[in-house]
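Colleague: Starting from these lines, generate the structure:
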Amino acid sequence: MTGMDASQDPARARAEQLDREDALAPYRETFVLDDAPRIYLDGNSLGRLPRGTRERLATVVEQEWGRDLIASWGRGWVDAPRRIGERIAPLIGAGPGQVVVATAPPSTSTSWPEPHSPPGRTDRSWSRTP
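Modeller: Below is the predicted model:
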């Protein structure tokens, strides 16, 4: 870009046009962006903090765990592996009732969600587990 003002750079102009046309652009405001000019592309991260996360975590800690204790399990926690599996299933070519998301016993300090096949299903090509 020697001798060229940034506003004259065709690649930059095209990138700005794509940004204006991006259907996902409105979601940008749903994240905490206190350091707006930073480009954050860390693949080993939870990513930018969604704005609603602080309030949701406060609810979980204070109400669901703090006050409701085990009674909160019946309000979404126990059925979460199947509910989340139903949302993942179409993404990996599985049908309804074929994906359950759970954690495997940790072999390191990090435990990753593992899909498990339902009883009777032998096709495990979509699973990370052997």
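Colleague: So which residues of this structure form helices?
Modeller: All helices of the chain, identified by DSSP state H, fall at 10-21, 53-59, 80-88.
Colleague: Sort out which residues of the last one are buried, please.
Modeller: In terms of neighbour count (16 or more other C-beta atoms under 10 Å), helix 80-88 has its buried residues at 81, 84-86, 88. Just so you know, the C-beta spots here come from the backbone N, C-alpha and C atoms, and that holds for glycine as well.
Colleague: ok, of these, which one's closest to residue 102?
Modeller: Of all the buried residues of helix 80-88, residue 81 has the smallest distance to residue 102: 5.1 Å, by C-beta to C-beta.
Colleague: Hmm, the closest one is touching residue 103, no?
Modeller: No - taking C-beta atoms under 8 Å as the definition, residue 81 is not a contact partner of residue 103, at 9.1 Å.
Colleague: Tell me which residue is most central in this protein.
Modeller: residue 46 (7.8 Å; C-alpha atoms, centre = their mean).
Colleague: residue contacts, residue 30?
Modeller: Applying C-beta atoms under 8 Å, 6 or more residues apart in numbering, we find residue 30 in contact with 50-52.
Colleague: could the buried residues of helix 80-88 go into a markdown table alongside pLDDT and distance to residue 96?
Modeller: What follows is those, written out as a markdown table (pLDDT from 0 to 100; distance: C-beta to C-beta, whole Å):
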| residue | pLDDT | distance to residue 96 |
| --- | --- | --- |
| 81 | 90 | 15 |
| 84 | 93 | 13 |
| 85 | 93 | 10 |
| 86 | 95 | 7 |
| 88 | 94 | 12 |
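Colleague: what's the closest of those to residue 56?
Modeller: Distances from residue 56 to the buried residues of helix 80-88, taken by C-beta to C-beta, are shortest for residue 84, at 15.9 Å.
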